[in-house]
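Student: Predicted coordinates and the sequence they were generated for:
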Amino acid sequence: MLILSKQPHLSSCQFGTSNSVKQHRLRKNIAWLSEVEAKDKELISLFLPSEVSTEPVVATLKKDIECANTVPFHVQKRFEDAQKQLIQYLRALKTIPRNGVAVFAGTFSTGNQEKELLSVEEIIPPQLISEYFYNVDDHFHLEPLREMLRDQKIVGVLVLDSKQASLGIQNGGRLEVKESITSGVAGKTSKGGQSQRRYERERDMEVTAFFHRIAEHAAKVFLENKVNVMVVGGPGQTKNDFLKGEFLHYELANMVLGVVDTQSAYKEALKETLDKSAESLQSMCGPEERKVVQTLMMELSKPAGGLATYGLDAVLNALKAGQVRVVLVADDTAYGEVIAVCKKCGYPKSKIADNTTQATKELLSVPCDQCRGTTFEVAERDFVDVLEDLAAQTDASVEVISTASEEKTQLKALGGVASLLRYRTA
């Protein structure tokens, strides 16, 4: 990702890369850039939406170079070098990607390199950059990218009883009340005899009709707003009767995370429902993560393991054989690849291990297979990138499980890496 030459390197996501892998790479990039600091204001952060023209941006950078003579000479020189490198990058950029691009430029050390290097880092984010942003500071400004990593669950909230129902949506921490409807159903009475039974039948019919209305409103509000999880609340038994009656659209029924008791079914109860569901929402996997881990566990429970396997060696062997359909990996797995390149002849050797420090020692302790040289350039590679490269060779996909959830705990119990297979060999 680091640009050490004059040609910019693209840190974009490959076509077909899963959202979970894009989020993982973005998280890694943010962590790396957040460690970069300078003693003065010389690090450049630039966010460009897709509709922005690069020409006025270049003009702004040139103007800043002319005004840089007010700072100390060593800072001025480093700032000018970064600006010139950034201008060169922008002139070479023929089109801005659909999601926009974030660019970070400056002179700093990275990784295990001892000396500082002039660098430009380009990130094409998984979501749209909506606003132009340019800043020069002693650190990189990463908040627009961090926003993309925040909880993206859109939560549908439904509270109901026999007389009232309220619907709301929480998106990005903001709760919006969408609708509040009433039934017109009368309360229960204590009439006797046949009149009582007839009254109860009529009332049940009215409640059932109200349940259908609630379901229609819920389908319109929640499906149009693309919620991916639902929580339901309300006083008494009515909410449970509604759910057991299968009135909800099947897609929404599959999204119901939990049911809680509330004081009422008025709009004030929407926040009460969210508050009581907070712990469940925080630890919930996204629907895609949850589904793929559940499929894995179901396959592993079958005789002979079904169409699944787990553990580093088993997954890597299955990938190389073209057996794998989907690789699952925990985002905080300790696995990584160490690459040692002989300084004398350029011959590379590598090792994937859960202890990269030990793997490095082992690689450096053995002379080069080609020339018997004993000095090497060493680099480490993210395990997800290793899996992506192997998966791309056979049109497999990679899913990174990142949410602190029961599904992630299950995967980590299997060693942090597993796969769903297309077929199993005897």
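Tutor: Nice, I can see it.

Student: From what I see, Leu243 and Met255 are in contact.
Tutor: No: using Cβ atoms under 8 Å, Leu243 makes no contact with Met255, being 11.9 Å away. Yep, even glycine has a C-beta here, placed from its N, CA and C like the rest.

Student: buried ones in the host helix or strand of Asn135?
Tutor: Here Asn135, judged by DSSP states H and E, is contained in strand 133-137. By neighbour count with 16 or more other Cβ atoms under 10 Å, strand 133-137 contains the buried residues Val136.

Student: what helices or strands is it leaning on?
Tutor: Helices and strands touching strand 133-137, by 3 or more Cβ pairs under 8 Å, 6 or more residues apart in numbering; DSSP states H and E, are strand 43-48, helix 54-66.

Student: Recalculate using a threshold of 7 Å.
Tutor: With contacts defined as 3 or more Cβ pairs under 7 Å, 6 or more residues apart in numbering; DSSP states H and E, the packing partners of strand 133-137 are strand 43-48.

Student: Can you list the strands that the strand it packs on pairs with?
Tutor: strand 101-108 (antiparallel), strand 133-137 (antiparallel) (DSSP bridges).

Student: Now stretch 141-151: buried residues?
Tutor: By neighbour count with 16+ other Cβ under 10 Å, stretch 141-151 contains the buried residues 141-142, 144-145, 148-149.

Student: ok, those residues vs Gly306, which is closest?
Tutor: Minimum distance to Gly306 across the buried residues of stretch 141-151 is 33.7 Å, recorded for Leu149 (Cβ to Cβ).

Student: correct me, but that closest one touches Arg27?
Tutor: Yes: at 5.9 Å, Leu149 and Arg27 qualify as touching, with contact defined as Cβ atoms under 7 Å.

Student: Give me the three-state assignment for Thr394.
Tutor: coil (DSSP: H, G, I helix; E, B strand; the rest coil).

Student: ok, it touching Gly322?
Tutor: Yes: using Cβ under 7 Å, Thr394 is in contact with Gly322, at 4.2 Å.

Student: Compare those two (neighbour count), which wins?
Tutor: More neighbours surround Thr394 than the other of Thr394 and Gly322, with 15 against 12 (other Cβ atoms under 10 Å).

Student: Ser166 versus the closest residue to Leu312 other than its chain neighbours, what's the distance?
Tutor: Nearest residue to Leu312, sequence neighbours excluded (Cβ to Cβ, 6 or more residues apart in numbering): Val417, at 6.0 Å. Distance of Val417 to Ser166, computed by Cβ to Cβ, to the nearest Å: 44 Å.

Student: What of Glu406?
Tutor: 30 Å.

Student: dump the residue contacts of the residue lying closest to Tyr310 once chain neighbours are set aside.
Tutor: Nearest residue to Tyr310, sequence neighbours excluded (Cβ to Cβ, 6+ apart): Ala418, at 3.7 Å. If you count contacts by Cβ atoms under 7 Å, 6 or more residues apart in numbering, Ala418 has them with 296, 308-310, 315, 328, 411.

Student: what about 10 Å?
Tutor: 292-293, 296-297, 299-300, 308-311, 314-315, 326-330, 401, 410-411 (Cβ atoms under 10 Å, 6 or more residues apart in numbering).

Student: What of Asp138?
Tutor: The contact partners of Asp138, by Cβ under 10 Å, 6+ apart, come to 36-43, 75, 106.

Student: among those, which two are most distant?
Tutor: Largest separation among the contacts of Asp138 by Cβ to Cβ: Val36 and Val75, giving 15.5 Å.

Student: Point out where the stretch 151-300 of the chain drops to low pLDDT.
Tutor: Along the stretch 151-300 of the chain, the parts satisfying pLDDT under 70 run over 151-152, 172-173, 186-196, 282-288.

Student: ok, and for the longest helix anywhere in the chain, which residues are buried?
Tutor: In the chain, assigned by DSSP state H, the helix with the most residues is helix 193-224. Residues of helix 193-224 classed as buried: 203, 207, 210-211, 214-215, 217-219, 221-222 (neighbour count, 16+ other Cβ under 10 Å).

Student: Same list (the residues you listed) but as JSON lines, adding distance to Leu48.
Tutor: Below are these laid out as JSON lines (distance: Cβ to Cβ, whole Å):
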{"residue": "Arg203", "distance to Leu48": "62"}
{"residue": "Val207", "distance to Leu48": "56"}
{"residue": "Phe210", "distance to Leu48": "51"}
{"residue": "Phe211", "distance to Leu48": "50"}
{"residue": "Ile214", "distance to Leu48": "46"}
{"residue": "Ala215", "distance to Leu48": "45"}
{"residue": "His217", "distance to Leu48": "41"}
{"residue": "Ala218", "distance to Leu48": "40"}
{"residue": "Ala219", "distance to Leu48": "39"}
{"residue": "Val221", "distance to Leu48": "35"}
{"residue": "Phe222", "distance to Leu48": "35"}
